[in-house]
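no sequence on hand, only this structure:
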C-alpha cells in the first residue's frame, strides 16, 4: 500500500519560541506540527506536572456523584461497581474499588460475560448486585448506552451513577447522575479521557471532599496510565500528564501484581514507555477478558503474595500468547477472503470461526493492511452476528453506523471503533448502506505520513536526540517525530531476530554520513520493493556487503544505541520509497 508523504509546513517563529522554552527550534517545529500554537500550550506540553491536571469538579455530574457516594458511606450502604471486560474496564473498576475502600465504602465488582452477555450493564448484573445488598450501582467504562439495564436497576430501588467515556446516543439512560465528558452541556475542558480517566477524576474529587491526602490520588496514576494507553486514547492535554507520571510510577511500582507481570515479561527494572503498555502489559489484561475470564485479571490485581502473583502473571502471559495465535489465524482467514477481489469502501467481513472477542483485533489488522474501514462479524446464537469495527481518519464510524441503527439490536462506539449485534439476515443491507453512503474516495485509503522535517542524519546528534525525550510519551495523538532524507545507499545488511524478521542496515547519505538503520516491521515487503526497483542481483549484493545500485529515501526517527558502554546514533526506519 503506497503511502502519501506530506512535509508539514506550518509557520511560527521557531527561533523565538525555542529561546523562551529552552529547547531546539526543531522541537518547536514538531510541537507546532502537533497543533500547539502558543507558548503556554508548549510549556504545558514540555513541562506540565500534576498541578496542571484539570479540576475534576468541572466535569458535569462529578460533584453530584460525590455527594451520593458520601451519603452512601454515611449510611453504611454497599456499592456495586459494574465494569467492562477490557483493560480500560478492568482498571476503571479497580480504581473505583480502591477509592471507595479508602473512604470506607465497600462493595464488589461485577462484569458481563463477553460471550454470553456482551458489553455493558445487564439485568443479571443488577440482580446479582441486588441479591448482595447493593443499593448504589456505579458503572465504569460503560453505561451511557445501557438505558434498559439502568431503568431496570432503578426499578429495583437502586441509586445509579453512570461513569463512562463513550459517545452519547440519542437518549440518555435514566441514571441519578451521569459522568461522561462527551455529554451535552459538558463544562470540562478535555473530553478525551478513557473510562479509567473518568473514574480517576471522580475518585480525586471524592478524596478532596473527604479530606484524603493528595498522595493517595497519585497512587492511582499507574492504573490510569495503563488504561489510557491500552484503550488507545489520544496522548493530548492531561492524558499526556497522566501517562507520563503513571509510567514513572509503574517503573518503580510497589503493586504486587504489576511487579510480577513486569518480571514474567522481562521488563522489571527497565525504563518503560507507552509502547510497553500498548504491546505488552495492556494486551495481557485484555486477553483475559477476550478468550478466558476477566477474573484472571482481577485475581492478579488483588493478589498480595508475590509468589502467587508470579503464577497468576504467568497465566495472563500464557492467555495472551494463545490470543496472539488465534488472532493470526483470523487475519489469515480475512486476508484469504479479500484476495483477488476489488475492495469496497467499507469492508464488512463475516468470519464464523473467529473467536468473537478477537473480531476487533482482526479488523484493526486488516484496516492497517488495506487502508479501508473494516467491520469483522462472527456468528453468535439465535441467528445473530456480533461485529467489531476499526476505522480510518477520513471515516467517522460511529456517525455512519448511527444512520443504520435500525438494523442493529445493540450498538455503541466512537469515531475510530464500534461494536454491534444484529440479525445475520441484516448483514447484506448493512453492507449496502454503509458503502452507498460512505463518500470516501481513493485518496482516503492511502495512509498519510506527515513528515516533521527533511533532516539529514548528520543533524541527529546525541544532544538533539536526548531533547526529543521531552516530547514523550509518544502514542496516538502524539506520534514520534518523523524525519526524512532522500538518497541513502545501503552498504550492507543482515537479518536479525528469532525469525529473521528484523533488518539491520548500514547506510550512507550523499553527504557521507554513515549510521545503522533498523527496520523492525515489513522486512519481506521491503525486500520485494528493492527487487521491483533495483533487481534481485542488487538485493543479493546488499546482503553480501558488496557495492550495489540501491538508492532509497527513508522516513525515520533517530535514537541512541548503547552497546558495551558506547553510544551511537541509529535510525529506526518507518517508511521508504525511490526518488528518481
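Received it, and whenever you're ready, just let me know what you need. Since this is a predicted model, take the numbers as computed values, not measurements.

check residue 1 and give its pLDDT.
At residue 1, the pLDDT value in this model is 54.

ok, the residue nearest to residue 141 when sequence neighbours are not counted - contacts?
In space, not counting the residues next to it along the chain, residue 141 is nearest to residue 195; the distance is 2.8 Å by CB to CB, 6 or more residues apart in numbering. (C-beta placed from N, C-alpha, C; glycine too.) By CB atoms under 8 Å, 6 or more residues apart in numbering, the contact set of residue 195 is 84, 88, 89, 92, 140, 141, 142, 163, 164, 165, 227, 231.

one more time with 10 Å
83-84, 86-93, 95, 139-143, 163-166, 180, 227-228, 231, 233 (CB atoms under 10 Å, 6 or more residues apart in numbering).

same deal with residue 392?
Taking CB under 10 Å, 6+ apart as the test, what residue 392 contacts is 346, 367-368, 370-374, 416, 440, 444-448.

what does residue 157 give?
By CB under 10 Å, 6+ apart, the contact list for residue 157 reads 130, 135.

each with direction, which strands does the strand or helix carrying residue 506 pair with?
Assessed by DSSP states H and E, residue 506 sits inside strand 502-508. Strand partners for strand 502-508, identified by DSSP bridges, are recorded as strand 483-496 (antiparallel), strand 514-519 (antiparallel).

can you give the distance from the last one to the centre of its chain?
The offset between the C-alpha centroid of strand 514-519 and the centroid of the whole chain comes to 28 Å, using CA atoms, centre = their mean, to the nearest Å.

re earlier: filter the contacts of residue 392 to the buried ones?
Among these, those buried by neighbour count (16 or more other CB atoms under 10 Å) are 346, 367, 370, 371, 372, 373, 374, 416, 440, 444, 445.

need the worst-confidence member of those.
For those, the least confidently modelled position is residue 416, at 86, judged by pLDDT.

lowest average confidence, helix or strand, in the protein?
Evaluated with mean pLDDT, DSSP states H and E, the helix-and-strand set of the chain has its lowest mean pLDDT in strand 410-413, which scores a mean of 84.

which is the next helix or strand following that strand?
strand 417-423.

what's that following strand packed up against?
Packing contacts for strand 417-423, counted by 3 or more CB pairs under 10 Å, 6 or more residues apart in numbering; DSSP states H and E, involve helix 359-370, strand 374-379, strand 384-390, helix 397-402, strand 410-413, helix 427-436.

mind listing what's buried along the fourth one?
What that stands for is helix 397-402. Taking 16+ other CB under 10 Å as the neighbour-count basis, helix 397-402 is seen to contain the buried residues 397, 398, 400, 401, 402.

was I right about the fourth one contacting residue 410?
No: the criterion here is CB atoms under 10 Å, and residue 401 misses it with residue 410 at 11.5 Å.

before we move on, back to that, out of the strands paired with strand 502-508, nearest to residue 387?
Closest of these to residue 387 is strand 514-519, at 34.2 Å (criterion: CB to CB).

contact partners of the helix or strand just after the closest one?
For strand 514-519, the following helix or strand on the C-terminal side (DSSP H and E) is helix 523-534. The set of residues external to helix 523-534 that reach it, using CB under 10 Å, 6+ apart, is 1, 490, 493, 495-497, 499-503, 505, 519, 522, 536-543, 548-552, 573, 575-578.

follow-up on the earlier one: now do the strand holding residue 506 against helix 523-534, angle only.
With axes from the mean of the first three to the mean of the last three CA atoms, to 10 degrees applied, the angle from strand 502-508 to helix 523-534 works out at 40 degrees.
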